[in-house]
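1. Generate coordinates for the sequence data below:
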Amino acid sequence: MTSPSTTEAPARKPQSLRAAWPALLALCLTMLVEMVDNSILNIALPTIGRDLGASPTDLQWIVGAYSLTFGGLLMVGGTMGDKLGRRRTLLVGLALFGLAGLSVLLVTTPAQLIIVRALSGAFAAFIAPLTMSLIFRLFDLDELRTKAIGIIMVVSMIGFALGPTLAGIAIASWPWQALLVLNAPVAAIAWLGVRFGIGKDDPADRRTGGADVPGAVLSVASLGFLLYGFTAGVENGWTAPLTIAVFTAGVLSLFGFIWRERAATDPMLDLKLLALPTVSGSAILQTATMIAMVGVMFVSTQLYQFAWGWTALQAGLANLPFVIGMLAASPFVDRAVARFGHRAASVGGVGLVLISLVIWIFALSHGFIWCAVGMFVMTFGMRTVMTTGAVALIGALPESHTSIGSALNDTAQELGNAVGVAIVGTIMAGVIGGTLPQGMWNSDMVAGFIHSQQISFTVLAGIVLVLGFIGVRTLTNSKETEEH
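-> Residues are numbered from 1 along each chain as shown. Below you'll find the predicted structure:
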């Protein structure tokens, strides 16, 4: 007897966050380890320099190698996920990221550590864009997608803020290598959660077409040169030959990338997607808020340790208001987005970021309690803008482009990271000079530093105001993720 032919019904997706906890935990761990790794070595640099005999230039590249390969390869990672399968690409990226962490045990020279950091950044670029895009595959209810992306963004920002804190605690008891070795077990747990918690890739969701190798090369070159250009400008001066050469190479590569994507039959990035107002506006909002946060964190570390004479551990713990604020903001932000929609919620978020910068201008000369208040207010604004921006950007794209959309989102944040440091570093150099003494500063140096950063935060507030106005105009008051 033959049974009647039937069409297999697709598996029902989770109808609550609790039902998807293994996969959601895995995606959170993926984002956490990638963001912590971005900043965890900063406090350990003196120990690393002593153990490996590293020069100041070596230390600069130990820090910069990760962000340079991470920022440069985000678009490539997103494209590979869309073409080869998001789950498959994420599993490979997690495995390689964990192995890169273990390889630090073989490091004996600064050059070897630079290579390890560059590889870690490259593999992180193959997991970061896919973390967000897989949320859209994990859930089919818009409300759950929004909540899940909110959780991912909270974990991301907590990871960024906790990096120095965890490093300060760990370096007091463990060898500095442990900071990177710990990536391996965390990546392994995340790998298991993705492997068994997320269904296999659906071929229908993949992008078709050939590989745009020239576009990928030009993308890496343009982003890499431009991101490094901001670092070169702060360290060597904006008119230095090296800075000019790096920016020139970046601009030429960018124009080459645009020309290639317009002419290619199967472009890596369809430039028509950037013409969607929600996509471009959301990216602008991400950049604006990241400029503010990174500027504040860059300044606060020096304020605590050099102007106020705190230890590295104390300075790391001082970032905890960021973490507390992120956790406290979650229920309020979710309700605001559900009630008022993306545009109105983002206007409120931008307003809170501006208020926080005003508080910081006052806090620089009035003690830590005001710094804590400024951080707390900023986290509410950032949580709102980054969640609504990410949801709107990815939701505005076709299902086959969610990974590249997430890569655009991450690239916008990485650009904000570079610009934020460049602004405060340039103003600091212009007011008090480019070389700052180590150890406790004298009263004149402290006064000059505070004045320079009051100027910096005023400039940051102006940038956030302008970019925020441009970005929020592109959003709708939709309370769902499907924005077009």
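2. My guess is residue 432 contacts residue 449. True?
-> Yes. With contact defined as C-beta atoms under 8 Å, residue 432 counts as touching residue 449 (6.0 Å). C-beta: built from backbone N, CA, C; applies to glycine.
3. which stretch of helix or strand covers residue 246?
-> Secondary structure here is read from DSSP states H and E; on that basis residue 246 sits in helix 241-263.
4. what's the helix or strand for residue 149?
-> Judged by DSSP H and E, residue 149 forms part of helix 142-171.
5. Check which element follows that helix along the chain.
-> Tracing the chain C-terminally past helix 142-171 and defining elements by DSSP H and E, one meets helix 178-181 next.
6. For that next one, C-alpha coordinates in PDB please.
-> The C-alpha trace of helix 178-181 is given here as PDB (Å, rounded to 0.1, in the frame of the first residue of the first chain):
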ATOM      1  CA  ALA A 178      44.900  33.400  29.900                       C
ATOM      2  CA  LEU A 179      43.000  36.400  28.600                       C
ATOM      3  CA  LEU A 180      43.100  34.900  25.100                       C
ATOM      4  CA  VAL A 181      43.100  31.200  26.000                       C
END
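7. Just give me how far that helix sits from the chain centre.
-> Centroid separation for helix 178-181 versus its chain: 20 Å, with C-alpha atoms, centre = their mean, to the nearest Å.
8. contacting residues around that helix?
-> 37, 40-41, 44, 101-102, 104-105, 116, 120, 166-167, 170-171 (C-beta atoms under 8 Å, 6 or more residues apart in numbering).
9. now with 10 Å?
-> With contacts defined as C-beta atoms under 10 Å, 6 or more residues apart in numbering, helix 178-181 is touched by 36-37, 40-41, 43-44, 48, 98, 100-105, 107, 113, 116-117, 120, 163, 166-167, 170-171, 174-175.
10. And it, what's buried?
-> Counting neighbours by 16 or more other C-beta atoms under 10 Å, one finds that the buried residues in helix 178-181 are 179-181.
11. One more: stretch 21-31?
-> Buried residues in stretch 21-31 (16+ other C-beta under 10 Å): 23-24, 26-31.
12. out of these, who's nearest residue 200?
-> The nearest member of those to residue 200, counting by C-beta to C-beta, is residue 23 at 12.8 Å.
13. got a list of what residue 273 touches?
-> So residue 273 contacts 279-280, 393, 396-398, 401, 404-405, 408 (C-beta under 10 Å, 6+ apart).
14. tell me the pLDDT at it?
-> Looking at residue 273, its pLDDT is 76.
15. can you check residue 364 too?
-> Looking at residue 364, its pLDDT reads 90.
16. Residue 106 too?
-> 92.
17. again with residue 172
-> pLDDT at residue 172 comes out at 69.
18. Over to the one 3 residues further on?
-> pLDDT, the model's per-residue confidence, is 84 for residue 175.
19. Also residue 368?
-> We have a pLDDT of 91 for residue 368.
20. ok so, going back, for the helix holding residue 246, which outside residues touch it?
-> Among residues not part of helix 241-263, those counted as contacts by C-beta under 10 Å, 6+ apart are 75, 212, 214-238, 240, 267-272, 274.
21. which of the residues you listed are buried?
-> So, by 16+ other C-beta under 10 Å, the buried ones in the contacts of helix 241-263 are 75, 212, 215-235, 267-270.
22. so who does the nearest residue to residue 308 once chain neighbours are set aside touch?
-> The shortest distance from residue 308 to any non-neighbouring residue, by C-beta to C-beta, 6 or more residues apart in numbering, is to residue 368 (7.9 Å). The contact partners of residue 368, by C-beta under 10 Å, 6+ apart, come to 300, 303-304, 308, 310, 314, 318, 321, 375.
23. What about these, which one has the most neighbours?
-> residue 375 (27 neighbours; other C-beta atoms under 10 Å).
24. if we take the buried residues of helix 178-181, which one ends up nearest to residue 67?
-> If you rank those by distance to residue 67 using C-beta to C-beta, residue 180 comes first, at 15.2 Å.
25. The closest one and residue 125, how far apart?
-> 17 Å (C-beta to C-beta, to the nearest Å).
26. Residue 346 and residue 383 touch, don't they?
-> No. In terms of C-beta atoms under 10 Å, residue 346 does not count as a neighbour of residue 383; the distance is 11.4 Å.
27. close enough to count as contact, residue 359 and residue 378?
-> Yes. Contact status for residue 359 versus residue 378: in contact at 8.4 Å, counting by C-beta under 10 Å.
28. These two - which one has more neighbours?
-> Each of residue 359 and residue 378 has its neighbours counted (other C-beta under 10 Å); residue 378 has more, 26 against 21.
29. helix/strand/coil for the more buried one?
-> Here residue 378 is recorded as helix under DSSP: H, G, I helix; E, B strand; the rest coil.
30. That one: what's it in contact with?
-> Neighbouring residues of residue 378 by C-beta under 10 Å, 6+ apart: 289, 292-293, 296-297, 321-322, 325, 352-357, 359-360.
31. Pull out the buried members of those.
-> Buried, going by 16+ other C-beta under 10 Å: 289, 292-293, 296-297, 321-322, 325, 352-357, 359-360, out of those.
32. What about those, which are in strands?
-> With DSSP state E as the criterion, strands contain none of the buried ones among the contacts of residue 378.
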